[in-house]
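> Curious how this folds, go ahead:
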Amino acid sequence: MTNGFSDNAQAMSLVAFSAIATITLLLCVMTGPDRDDLDEFYTGYGSLSPMRNGLAIAGDYISAASVLGTGGVIALCGYDGVVLALSTALSLMLLMFLLAEPLRNAGRFTMGDALARRMPGRGVRITACVVTIAALLPLMLVQLAGTGQLLAFILGFSGDSLKTGCIIGLGALMISYAAIGGMKGTALIQILKMVMLLGSGAVIAVLMLRRFDWDLGALFSTAAAQSGVGTRFLHSGVEFAGSSNPRLDMITSELTVVLGGACLPHVTMRMYTASSARQVRRSMSWAVSSVVLFVLVMTVVGFGATALIGRAVIAQADPQGNTAYLLGSRAAFGADVSTGETFLFTTVTAAIFLTLLASVAGMILACANSLAHDVFAARVREMSARREMGLARASALAVGVPAILLATLVQHRSLQPLVTLSFCLGASAIAPALVYSLFWRRYTRTGLLCTLIGGTLSVLLLMPGTNLVSGSPASAFPQADFNWFPFTTTGLVTIPLGFALGWLGTVLSGQRASEEQRHQYEAVEGWILAGAVRRGG
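Below is the predicted model of the structure:
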């Protein structure tokens, strides 16, 4: 087999995948809400301990794109990949110190709740729902398309029909997780995912270090020698070598990850599951610790993959390096693999498989909750809990089915533009809206709508012109060249524009509107910043 995995490893992986799918679906059925209780479906009553809630937050934050994509960048680009991985950890720290407690205090179920706390109205809620779906749909496509590619790579098949079948079948499973399990069910899957991912990854990292006699310097120098670019592998510039301004492109990309990753709705919705401000602080401490530990694991495995099998082999298997984490895990065992090592490798593949399942389930749940609560329930003054929960479950189907169909269409394209699109929307539209709404007293409804709509449209307009979409062999459309915005992300323009549009919309609202909003904010300031009262609604 071209992937280097034995028939025994492939058979064990298939059995593990089947077992995980069965067990996780059973967990969702057993822990899902069995009564018409919205708090149980949307937040799980905040019944998780800080450690378990922190692992669930980390599970939502570490998607398959983080595991496979960031691991690939580390293996192919060295230092630049490590900076990207550290940016993901820094992003969660930003959420912990700046936004976590105010979000928990201001919101109830969705991002729309947090924004509408001081600016109620259907327009705000509908816009929040549209931006939520726009930001998470690209990431869902990446995870779903990656599912087919992952199974094809591990199990050794190459037929397009089999890959498409995997996407459809597993997509249906992910919809079931969200619709049946609700917040508590998906939280348990995220916890299981993090335990498997951290446990198996830590063992692989230890085995990798043992191959180099516990000498990190030897690991890094060997990786540089096997990279094909020499010592440049250990310095910045490899990833953005083809950019017109590599240093600026790198800084903008890292800023987009730091701001965007912290504010994506499927991550922020976990803030509402904490029962108190103290619990959200403790939960975020566990989440940050888990993510930092995994960043260290990815760094060792990524450099180890390059050191043991070479950068050229990794790029040949996948130009984006998405298989580097698996290839590095396999290479850590050496030429002769024992039954125990095969079992450990199966645990690694199962953890990544579970990561794909859990990531999409969390995103579908965030979109479904927003669609049901912010759009449909907001239209009816007194909607019954039974009806709203039914709408949330139907919304999971309404979001999931188009995502599956679109994933089958984009599976043969480079998926990196979709990942970047989600982070750009988070950094350019959602981050300014949350910061202004939670901390700026004079922020008006017009300013909020300008931030969300203007930030989103600016990203959608600029993204097709980036070098991820066209103009290079690794782009989504390698045969075309309409690369008129020569950067990897749109953040250089859209992040300051998102903040500027919020300020401009507020200024244009007039002094009277600003004063009204100031008074409204002062009325809820104690709840938002200090958690004096946790209101429903």
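
> how near is residue 213 to residue 219?
10 Å (C-beta to C-beta, to the nearest Å). For glycine as for every other residue, the C-beta is placed from the backbone atoms N, C-alpha and C.

> higher neighbour count, these two?
Set side by side, residue 213 and residue 219 show more neighbours around residue 219, with 22 against 8, by other C-beta atoms under 10 Å.

> same for the helix or strand containing the more buried one, what does it pack against?
Residue 219 belongs to helix 216-227 when assigned by DSSP states H and E. If contacts are counted by 3 or more C-beta pairs under 8 Å, 6 or more residues apart in numbering; DSSP states H and E, helix 216-227 sits against helix 182-211, helix 277-309.

> Apply 10 Å and report the result again.
Packing partners of helix 216-227 (3 or more C-beta pairs under 10 Å, 6 or more residues apart in numbering; DSSP states H and E): helix 71-77, helix 182-211, helix 277-309, helix 311-317.

> Show me what the last one packs onto, helices and strands only.
Using 3+ C-beta pairs under 10 Å, 6+ apart as the contact criterion, the neighbours of helix 311-317 among helices and strands are helix 71-77, helix 216-227, helix 277-309, helix 324-331.

> Lowest mean pLDDT across these, which one is that?
Note on those: helix 324-331 shows the lowest mean pLDDT, a mean of 84.

> same for that one, what does it pack against?
Against helix 324-331 (3+ C-beta pairs under 10 Å, 6+ apart) you get helix 71-77, helix 122-155, helix 182-211, helix 277-309, helix 311-317, helix 339-370.

> got the buried residues for the fourth one?
Neighbour-count burial for helix 277-309 flags 277, 279-284, 286-309 (criterion: 16 or more other C-beta atoms under 10 Å).

> Show me which parts of the lowest-mean-pLDDT helix or strand in the chain are buried, residue by residue.
For the chain, counting by mean pLDDT, DSSP states H and E, helix 38-43 ranks last in confidence among helices and strands (a mean of 72). By neighbour count on 16+ other C-beta under 10 Å, the buried set for helix 38-43 is 38, 39, 40, 41, 42, 43.

> Pretty sure the third one sits against residue 183.
Yes: taking C-beta atoms under 10 Å as the definition, residue 40 is a contact partner of residue 183 at 8.1 Å.

> Out of the helices and strands packed on helix 311-317, the one nearest residue 17 is which?
helix 324-331 (13.8 Å; C-beta to C-beta).

> and that closest one, how far from the chain's centre?
22 Å (C-alpha atoms, centre = their mean, to the nearest Å).

> for that helix, which positions count as buried?
324, 325, 326, 327, 328, 329, 330, 331.

> And stretch 244-255, by the same measure?
For stretch 244-255, a neighbour-count test (16+ other C-beta under 10 Å) marks 246, 249, 250, 251, 252, 253, 254, 255 as buried.

> for the record, mean pLDDT for it?
In this model, stretch 244-255 carries a mean pLDDT of 86.

> Could I have the CA atoms of it written out in PDB?
Extracted in PDB, the C-alpha atoms of stretch 244-255 (Å, rounded to 0.1, in the frame of the first residue of the first chain):
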ATOM      1  CA  SER A 244       5.100  39.600  -2.400                       C
ATOM      2  CA  ASN A 245       5.600  40.600   1.200                       C
ATOM      3  CA  PRO A 246       6.300  37.400   3.300                       C
ATOM      4  CA  ARG A 247       6.800  39.100   6.700                       C
ATOM      5  CA  LEU A 248       3.600  41.100   6.400                       C
ATOM      6  CA  ASP A 249       1.700  38.100   5.100                       C
ATOM      7  CA  MET A 250       2.800  36.000   8.100                       C
ATOM      8  CA  ILE A 251       1.900  38.700  10.600                       C
ATOM      9  CA  THR A 252      -1.500  39.200   9.100                       C
ATOM     10  CA  SER A 253      -2.200  35.400   9.000                       C
ATOM     11  CA  GLU A 254      -1.300  35.000  12.600                       C
ATOM     12  CA  LEU A 255      -3.400  37.900  13.700                       C
END
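
> rewinding a little: who wins for proximity to residue 84 among the helices and strands packed on helix 216-227?
Nearest of the helices and strands packed on helix 216-227 to residue 84, taken as C-beta to C-beta: helix 71-77 at 5.5 Å.

> Tell me the gap between whichever helix or strand comes after the closest one and the middle of its chain.
Next helix or strand after helix 71-77 toward the C-terminus (DSSP H and E): helix 79-94. Relative to its chain's centre, helix 79-94 lies at 13 Å (C-alpha atoms, centre = their mean).

> Could you list every helix and strand in contact with helix 79-94?
Against helix 79-94 (3+ C-beta pairs under 10 Å, 6+ apart) you get helix 50-61, helix 71-77, helix 246-263, helix 277-309.

> Could you check the angle it makes with helix 50-61?
Helix 79-94 and helix 50-61 are oriented at 130 degrees to each other (axes from the mean of the first three to the mean of the last three C-alpha atoms, to 10 degrees).

> Quick one: mean pLDDT over the helix or strand hosting residue 394.
Under the criterion of DSSP H and E, residue 394 resides in helix 385-410. Averaged over helix 385-410, pLDDT sits at 87.

> from now on call the first residue 273
Understood, numbering begins at 273; the last thing we discussed is helix 657-682.

> Now that helix: buried residues?
Applying 16+ other C-beta under 10 Å to helix 657-682 flags 657, 660-661, 663-665, 667-672, 675-676, 678-680, 682 as buried.

> C-terminal to it, which secondary structure element comes first?
Next element after helix 657-682 (DSSP H and E): helix 688-697.

> name the helices or strands packed onto the least confident helix or strand of the chain?
Checked by 3+ C-beta pairs under 10 Å, 6+ apart, helix 310-315 has helix 454-483, helix 611-642, helix 657-682 packed alongside it.

> Restrict that helix to CA atoms and write it as CSV.
Extracted in CSV, the C-alpha atoms of helix 310-315 (Å, rounded to 0.1, in the frame of the first residue of the first chain):
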residue,chain,number,x,y,z
LEU,A,310,-34.5,24.0,26.4
ASP,A,311,-31.8,24.6,29.0
GLU,A,312,-31.0,20.9,29.0
PHE,A,313,-30.8,20.8,25.1
TYR,A,314,-28.9,24.1,24.7
THR,A,315,-26.6,24.2,27.7
